[in-house]
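okay, here's the prediction I keep looking at, along with the sequence it came from:
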Amino acid sequence: QHKDNPVNWQTWSSEILEFSKQNKKPILLSIGYASCHWCHVMAHESFEDNETASLMNKYFINIKVDREERPDLDFIFQSSFQLFNQTGGGWPLTMFLDECGVPFMGGTYFPKNAKHGLPSFKEVLKKVSEAYKDQRENIIKQKDLIIKNLELKKNSVLTQDLEPVLNTSLSFLDTVKGGYKGAPKFPTFNLYETLLYFYNKSKEKKYFEPVDLIIKQLCSKGIYDHVEGGIARYTVDENWVIPHFEKMLYDNAQFILLLAKYCKINPESYFKEKLEQTIEFLKKNFLNNEGFLGSAYDADSEGEEGKYYVYKYEEIKDFENIGKYFDIKPEGNWENKIILVEKDKPSKDILEKLYEIRSKRKKPFFDDKTQLDLNCLWISSLVAASEILPDKGYLKLAEDFYLRIENKYIKENIYHSYSKDIVF
């Protein structure tokens, strides 16, 4: 995606780090992934801009990393960002490293021109370069302190008891709308799986109620694709209505796993149908040419976010009883368009009509990169789902995927991801 940028991008390697050290030149590290909307925005605004690229090439060694190919690097530099800024990170991650490869400052998305309280990226480049030139020795000297703090942060998490942390997390949850309070809303599946684990051990309702609420929200609101199945990455609002439309294997495999575990406690057919619809969506739409599942679908198509997924009122207003099933208003619920929010279980006929409209549109870009860990997570989710839907062949499908993985990845070495020329 970045091969035609005027930026002189390098891959992360010991050779390029040594080159940086020999030339006493700081590093600009950009971490993103193929279906990341704001990565695309920053790429278009800055990395495709000749003036900005000229500054990047002049002042820095520029390294591009796909966080799905190198989650180890992403973890280190997200942790560094959080240490410096005392706030959560995200993508694109824009980190500045000294010539030894140690981070000394960073941000996420920077606009081409200053706006919304953010400085322009060109201004950031110039100021960081000047600061490094003036304070190079002091910046390099602080590396031991930074590394020590990152180690302390890691160790403090590993040595904590889980239950007190979990009970603290409960106090931050939205008891009306689900998820953490405020916006944006991310379905933090690891938290809800842990809550289910503690509920199954203790039978305390305080652990089950947040899971019950989040599942009902995820299955009925705009974050869920009612037409084809699967969930979006997150919603920008606190009501789970307006998604950031990218669909990732990472989220959907976890959604299947959590939903399957939830269905053991609440076996209502409605949730089983959502479980099946999402699995079938992944089977049909995420399979790549290697026989594995790829990584993600972009949020955009034809240069417009959500274009594939949303509807105009005029397109669907005459569908019989559609107002019974979905919240339909002439003014829409997002930029004069309609994101489907479920009021009642929709009929098969309505879903077919909605899909017929969508099928004529251009699909978003599909990042077909195979990731071993996510395909293994997919296998785990299929095994869990097979207990809820034993007649759907999901256990056999899990076995088939495992054999493919064994043949591809586990003959000599185990790799995280695989592409035509490079393994990680």
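Structure received.

show me what contacts the residue nearest to D174 when sequence neighbours are not counted?
Distances taken as CB to CB, 6 or more residues apart in numbering put K181 closest to D174, at 4.6 Å, once the chain neighbours are dropped. Where C-beta positions appear, they are placed from N, C-alpha and C, glycine not excepted. Going by CB atoms under 8 Å, 6 or more residues apart in numbering, K181 touches F172, L173, D174, E238.

any of the residues you listed buried? List them.
Buried subset of those (neighbour count, 16 or more other CB atoms under 10 Å): L173, D174, E238.

buried sites along stretch 301-321?
Those buried within stretch 301-321 under the rule 16+ other CB under 10 Å are S301, E305, G306, K307, Y308, Y309, V310, Y311, I316, F319.

how far away is the last one from Y309?
The spacing between F319 and Y309, counted by CB to CB, to the nearest Å, is 17 Å.

sorry, back to before: tabulate the contacts of K181 in CSV, adding columns for distance to D225 and secondary structure.
Below are the contacts of K181 laid out as CSV (distance: CB to CB, whole Å; DSSP: H, G, I helix; E, B strand; the rest coil):
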residue, distance to D225, secondary structure
F172, 28, coil
L173, 25, strand
D174, 23, coil
E238, 20, coil
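
between these, which is closest to L125?
E238 (35.0 Å; CB to CB).

if the nearest residue in space to F19 that is not next to it in sequence is in a bridge, with which residues?
Nearest residue to F19, sequence neighbours excluded (CB to CB, 6+ apart): I61, at 6.9 Å. According to DSSP bridges, the partner residues bridging I61 are I27.

I61: neighbour count?
Other residues near I61 come to 23 when the count uses other CB atoms under 10 Å.

correct me if wrong: it contacts I27.
Yes. I61 lies in contact with I27 (CB atoms under 8 Å); the separation is 4.8 Å.

got any residues that touch both of these two?
Residues within reach of I61 and of I27 at once, by CB under 8 Å, 6+ apart, are S20.

can I get the contacts of K181 in a markdown table with distance to E399 and pLDDT?
Formatted as a markdown table, those follow (distance: CB to CB, whole Å; pLDDT from 0 to 100):
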| residue | distance to E399 | pLDDT |
| --- | --- | --- |
| F172 | 40 | 95 |
| L173 | 37 | 96 |
| D174 | 39 | 97 |
| E238 | 41 | 97 |
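
redo those as CSV? Include distance to D66.
Formatted as CSV, the contacts of K181 follow (distance: CB to CB, whole Å):
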residue, distance to D66
F172, 31
L173, 32
D174, 33
E238, 31
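
quick one: which of these is nearest P92?
E238 (24.3 Å).

all helices for the stretch 251-400 of the chain, in order.
In the stretch 251-400 of the chain, the helices defined using DSSP state H, counting those that start in this stretch lie at 269-285, 313-316, 322-325, 348-358, 372-388, 394-409.

and the first one, what other elements does it pack with?
Right, the one you point to is helix 269-285. Helices and strands touching helix 269-285, by 3 or more CB pairs under 8 Å, 6 or more residues apart in numbering; DSSP states H and E, are helix 205-220, helix 249-265, helix 372-388.

alpha carbons of that helix, as PDB, please.
What follows is helix 269-285, C-alpha atoms only, in PDB (Å, rounded to 0.1, in the frame of the first residue of the first chain):
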ATOM      1  CA  SER A 269     -32.300 -19.000  19.500                       C
ATOM      2  CA  TYR A 270     -31.800 -15.300  18.600                       C
ATOM      3  CA  PHE A 271     -28.200 -15.400  19.900                       C
ATOM      4  CA  LYS A 272     -27.600 -18.800  18.200                       C
ATOM      5  CA  GLU A 273     -28.700 -17.300  14.900                       C
ATOM      6  CA  LYS A 274     -26.300 -14.400  15.300                       C
ATOM      7  CA  LEU A 275     -23.500 -16.900  16.100                       C
ATOM      8  CA  GLU A 276     -24.200 -18.900  13.000                       C
ATOM      9  CA  GLN A 277     -24.600 -15.800  10.800                       C
ATOM     10  CA  THR A 278     -21.200 -14.500  11.900                       C
ATOM     11  CA  ILE A 279     -19.400 -17.800  11.400                       C
ATOM     12  CA  GLU A 280     -21.000 -18.200   7.900                       C
ATOM     13  CA  PHE A 281     -19.900 -14.600   7.100                       C
ATOM     14  CA  LEU A 282     -16.300 -15.300   7.900                       C
ATOM     15  CA  LYS A 283     -16.300 -18.700   6.100                       C
ATOM     16  CA  LYS A 284     -17.600 -17.000   2.900                       C
ATOM     17  CA  ASN A 285     -15.900 -13.600   2.900                       C
END
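
compute the inter-axis angle for it and helix 372-388.
Orientation of helix 269-285 against helix 372-388 (axes from the mean of the first three to the mean of the last three CA atoms, to 10 degrees) gives an angle of 140 degrees.

buried sites along helix 269-285?
Residues F271, K272, K274, L275, E276, Q277, T278, I279, F281, L282, N285 are the ones in helix 269-285 that count as buried (16+ other CB under 10 Å).

now for those, which pair is the farthest apart?
Across the buried residues of helix 269-285, the longest distance by CB to CB is 21.2 Å; it joins F271 and N285.

helices along the stretch 51-200 of the chain, start to end?
With DSSP H, counting those that start in this stretch, the ranges of helices along the stretch 51-200 of the chain come out as 71-85, 121-141, 143-158, 162-170, 189-202.
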